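In: What follows is a protein structure lacking sequence information:
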DNA sequence: CGATAAAATAAACAAACGTTCATTTAATTG
DNA sequence: CAATTAAATGAACGTTTGTTTATTTTATCG
C-alpha cells in the first residue's frame, strides 16, 4: 500500500506495455485481464491506472505507436531516387525486416482491430491505409515507366501486402531458411507478381 | 420457464451456431458472452447448454466443422486428371469461391486459434496443415513436369495461401470488380508466382 | 529540509461472466 | 393416452472483471 523503493514510473509503464503486448498477442485483448498484465509486470492491477487511464487506452497506444513508428521508419528509409524495381525491392526488404522484428505488434495490429473502440479504430485504420499506399505508388510508377507489367494495381498491392504480412504467422528463427534467404526469395516472388521486366 | 411451443432443438442449435459465428467474427470469442449469443438467437443463456456443453465446445465445433467440410469439398472438387497449370487454376478458383462464401468461418478459423484449448487447437491446426498440402503438391507436380519454374515450393505455397486468404479481409460485394473478375485476376497472379510457362 | 507529487498496495465496488438447477411446458414414443 | 424425453425459462451460484479509493512510502523540488 505504499510506493516501492526504487520504483520508476517510466520503467514500470514500459514493462506494462511489453507485458500487455505479449499477453494480447498470445491470448487476445479481451481474454487478458488487467490483473494478468500487472502480475507479469510485478505490480498490482490498480497500479496500471497510474500510467494508463483504461485498458482500451493501453491497447490503443500499442497499436497507434506501432503504426506511427512504422510510417516514420518508412519515411526515413524511403529513397525517392530509386527506379521502381529497386524501390520495390527496397520496400520489400524494409517491410520484412521491420515486421519480423516486431511480429507481436504486427500481429495485434491486425488481430485486435476488432477490440478497438470506434474512434480508435478509425485512427489505426487510417494509418494502415497510409502504409498501403506505399507499394501501390511504386507499382503505379513502374507501370507508367514500363518497368512493370501490372495485372491490376490494387489487387496486386493487396496480394503483396498479404504475402509479406503473412510471413509473421509462420516465420521462425532457426528455420530452414535464414532471414536473408527469405528476404531474397520474397524479392523475387514480388518481382514476378508485378511482371518486372528484369525477372527471368 | 417452460419449453416453448413450436420449439425445435435442431433449429435452435443451428441458430445458436450462426449467432455465435457472427458475433465471434465481429468481436472475438472472449469478448462475446453466452448471454449475447442467446439473445441474438432469441433464447436465454441457460438454453445454450441444452445443445452445447461449454462455450469452448461451441467454438471448437464451428472451427472443426468448417475445416472438415472444406477438406471434403476439396476432395469432391479435386480433379486428379488435370495437368498442373489447370489444377492450380482449379484450386485457386475453388479456394476463392469457397472462402468468400464463408468469410466469417475463414476469419475465425484464423483469428480464434488463440482461443482454443490445447487439444482443440491441435486438431484444427492439423486440418489446416492438410489443406496447405494441396497447393504444395500441385506446385511440386508442376515443377517436376516443367510447367512451373518454382522459386521455393514452401515459400511460394505460403505466399499463395496468404494472398488468397487475405482476400476475405478486403473483399466486398458490389466493389469495383466482380467476383468473376477477381478470380480471373488472381489466377493470373498465381500463375506468375509459380513461373507458369503459359503466362505472357 | 519540508512540502508536494509520484508510485505503489490492499481493499472494495458494481457489473459481468460461464454455468447449474429446479421448474414448466411441449413433443415424442409406445 | 400416459410416460418419457426434450427444450425452454428464471433464478442462482461462485468467480472474474475493470476500475476506484484511501493509505503509505519514496522521489523530487525549491
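Out: That came in fine, so what should we check first? Note that the coordinates shown come from a computational prediction; the quantities given were computed from them, not determined experimentally.

In: Could you measure from residue A:139 over to DNA strand C?
Out: Distance from residue A:139 to DNA strand C, counting by C-beta to the nearest atom of the strand, to the nearest Å: 44 Å. C-beta here means a position set from N, CA and C on the backbone, and glycine is covered the same way.

In: from what I can see that residue touches residue A:153, true?
Out: Yes. Using C-beta atoms under 8 Å, residue A:139 is in contact with residue A:153, at 5.2 Å.

In: who's more crowded, those two?
Out: Counted by other C-beta atoms under 10 Å in any protein chain shown, residue A:139 and residue A:153 do not tie: residue A:139 has more neighbours, with 23 against 17.

In: Just list the residues touching the more buried one, thanks.
Out: Shown here is residue A:139, whose contacts under the criterion C-beta atoms under 8 Å, 6 or more residues apart in numbering or on different chains are A:84, A:88, A:148, A:150, A:153, A:156-157, A:194.

In: For the residue of chain A found nearest DNA strand C, which residues are in contact?
Out: Residue of chain A nearest DNA strand C, by C-beta to the nearest atom of the strand: residue A:9 (1.7 Å). Going by C-beta under 8 Å, 6+ apart, residue A:9 touches A:50-51.

In: May I ask which helix or strand encompasses the residue positioned nearest the centre of chain A?
Out: In chain A, the centroid-proximal residue (C-alpha atoms, centre = their mean) is residue A:106; its distance is 3.5 Å. Take DSSP states H and E as the rule and residue A:106 turns out to sit in helix A:103-111.

In: who touches that helix?
Out: A:21-22, A:24-25, A:28-29, A:59, A:62-63, A:66-67, A:99, A:124, A:128, A:165, A:168-169, A:171, B:111.

In: May I see the buried residues of that helix?
Out: A:104-111 (16 or more other C-beta atoms under 10 Å in any protein chain shown).

In: Let me know the angle separating it from helix B:103-111.
Out: Inter-element angle recorded for helix A:103-111 and helix B:103-111: 160 degrees (by axes from the mean of the first three to the mean of the last three C-alpha atoms, to 10 degrees).

In: now helix A:103-111: how far from the chain's centre is it?
Out: 6 Å (C-alpha atoms, centre = their mean, to the nearest Å).

In: Enumerate the positions of the following helix or strand past that helix that are buried.
Out: Using DSSP H and E, the helix or strand that follows helix A:103-111 towards the C-terminus is helix A:118-144. Neighbour-count burial for helix A:118-144 flags A:120, A:124, A:127-128, A:132, A:134-136, A:138-143 (criterion: 16+ other C-beta under 10 Å).

In: ditto for stretch A:76-94
Out: Buried-residue list, stretch A:76-94, by 16+ other C-beta under 10 Å: A:84-85, A:87-94.
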